[in-house]
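Asks: Need the 3D shape of this:
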Amino acid sequence: MEKPLKFKEIVMPYPNLENTYTDYDRKLQPKMDFESAALKEFYLKHRVELIETTIKKCEEYLDADDWMEEETFPRIKDLTDEWYLASVSAQNQDKKIMVQLYLHFLGYYSRECGRKVVDDYLGMEAWFVYDPVQKTFSFDGFDTDAI
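Replies: You can find the predicted model right below:
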């Protein structure tokens, strides 16, 4: 029986001065893309809620039995329990606010010498729509990729 999924966040230590793509090796803080300072403040105000919802949705997605198969990607047994925020963006669109979070999940890779190393494994990009009239977020789905 596989362990229940419980992921923990890694906070990358180095400022991303050029606001560029980040990866596990470079350990840069997330790339940030906001249309305005107000949208950045909006994101920071709602960060915890957005992250918690994203992780919950990721855990639900990854908790499916078919991820245990050897031929599938991602394979749960290859994941560590760690992730970090790679990028965030927020923009106004059709009188609503669109927020995108891109998380990198770490995984184990076998090297030729037989040792396993940890590196970026799975990217999960989540989208949210904020309705300012209702003052609520709705989860708009996500996409996954191998990284």
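
Asks: what ranges of this protein fall below the confidence cut-off?
Replies: Where the chain drops to pLDDT under 70, the residues are 1-5, 64-70, 112-115.

Asks: which residues in it form helices?
Replies: 37-62 (DSSP state H).

Asks: Report the central residue of it.
Replies: Note on the chain: the residue nearest the mean C-alpha position is residue 103, at 1.6 Å, using CA atoms, centre = their mean.

Asks: Please verify my assumption that residue 101 contacts residue 85.
Replies: Yes: contact criterion CB atoms under 8 Å: residue 101 and residue 85 qualify, at 6.6 Å. From N, CA and C alone the C-beta is placed, and that goes for glycine too.

Asks: so what sits against both of the two?
Replies: Common neighbours of residue 101 and residue 85, using CB atoms under 8 Å, 6 or more residues apart in numbering, are residue 51.

Asks: If you count surrounding residues, which of these two has more?
Replies: Legend: neighbour count by other CB atoms under 10 Å for residue 101 and residue 85, higher for residue 101 (24 against 21).

Asks: Quick check: that one vs residue 28, distance?
Replies: 16 Å (CB to CB, to the nearest Å).

Asks: picking that back up, the residue nearest to the centre of the chain contacts residue 50, correct?
Replies: No: applying CB under 8 Å as the test, residue 103 and residue 50 come out as separate, 10.9 Å apart.
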